[in-house]
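J.: Fold the following for me, if possible:
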Amino acid sequence: MTLAETVVGMAVFSLIAGGIIGLTLQSRRMAESAIRENVAATVTQGYLEQIKSIEYSALVDAIADPGNVSIHTKTDQDTNDPIQLNVRNQKTLVTNTADDGTATRFMRFWITPRATNLTATGRRALTFTVLFEWEGNDRQIGDVSSSTIRFVRSYVPTY
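T.: Purely as a prediction, here's the structure:
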């Protein structure tokens, strides 16, 4: 084997190795992006489940005066985490922890609930549109993705 053949072989190997490394990095970025989107959607669903369980009259009050009446949600049984209607509420989510339980990676997350009282249309119902946004990448501050979820909360009397 000559020196020229060795150089050409090394060049071909380098191109193939570079392509494999590039594909691996792209695959990892896509997986991390999917995980972040899933975390944001799951947290949003948690807020929505809490909103659905709130007394109908309390939700009507929050819609009537969104600047002064917040929606009472919790991050756990002991920690209150109220959210305001028509406001971009910023939260910080833990996306990874060390073996000892300390947080090692975080993700910024925003939730903006908007609500409409449909009573004027002859229906006793409230419609909620929730915009949720999340930071897409640890390394690029400002890389924000978003999605929305809508649901209707109808009046159901409790006894």
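J.: Regarding this structure, what is its longest strand?
T.: Ranked by residue count under DSSP state E, the longest strand found in the chain is strand 103-117.
J.: Name the residues that touch it?
T.: With CB atoms under 8 Å, 6 or more residues apart in numbering as the test, strand 103-117 has contacts from 36, 39-40, 43-44, 47, 51, 59-60, 62-64, 66, 71, 83, 85-98, 126-135, 138. The C-beta positions use only the backbone N, C-alpha and C, and glycine is treated the same way.
J.: Narrow the residues you listed to those that are buried.
T.: Among those, the ones that count as buried by 16 or more other CB atoms under 10 Å are 36, 39-40, 43-44, 47, 51, 59-60, 62-63, 66, 71, 83, 85, 89, 91, 93, 95, 126-128, 130, 132-135.
J.: now, which of those lie within helices?
T.: 36, 39-40, 43-44, 47, 51, 59-60, 62-63 (DSSP state H).
J.: May I see the residues you listed organised as a markdown table, with distance to F109 added?
T.: As requested, those are exported to a markdown table (distance: CB to CB, whole Å):
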| residue | distance to F109 |
| --- | --- |
| R36 | 9 |
| V39 | 8 |
| A40 | 6 |
| V43 | 6 |
| T44 | 8 |
| Y47 | 10 |
| I51 | 16 |
| L59 | 22 |
| V60 | 27 |
| A62 | 21 |
| I63 | 23 |
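J.: Nearest to T2 among these?
T.: T2 has its nearest neighbour among those in R36, at 51.0 Å by CB to CB.
J.: Residue ranges in the protein under the pLDDT threshold?
T.: 136-142, 158-159 (pLDDT under 70).
J.: ranges for the strands of it?
T.: 74-76, 79-80, 89-97, 103-117, 125-135, 144-154.
J.: Would you reformat those as TSV and include distance to L15?
T.: Formatted as TSV, those follow (distance: least, CB to CB, whole Å):
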stretch	distance to L15
strand 74-76	50
strand 79-80	53
strand 89-97	34
strand 103-117	34
strand 125-135	34
strand 144-154	33
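J.: List the contacts of the residue nearest in space to the middle of the chain.
T.: Centroid-nearest residue in the chain, with CA atoms, centre = their mean: A40, separated by 1.9 Å. Applying CB under 8 Å, 6+ apart, we find A40 in contact with 93, 107, 109, 132-134, 145, 147.
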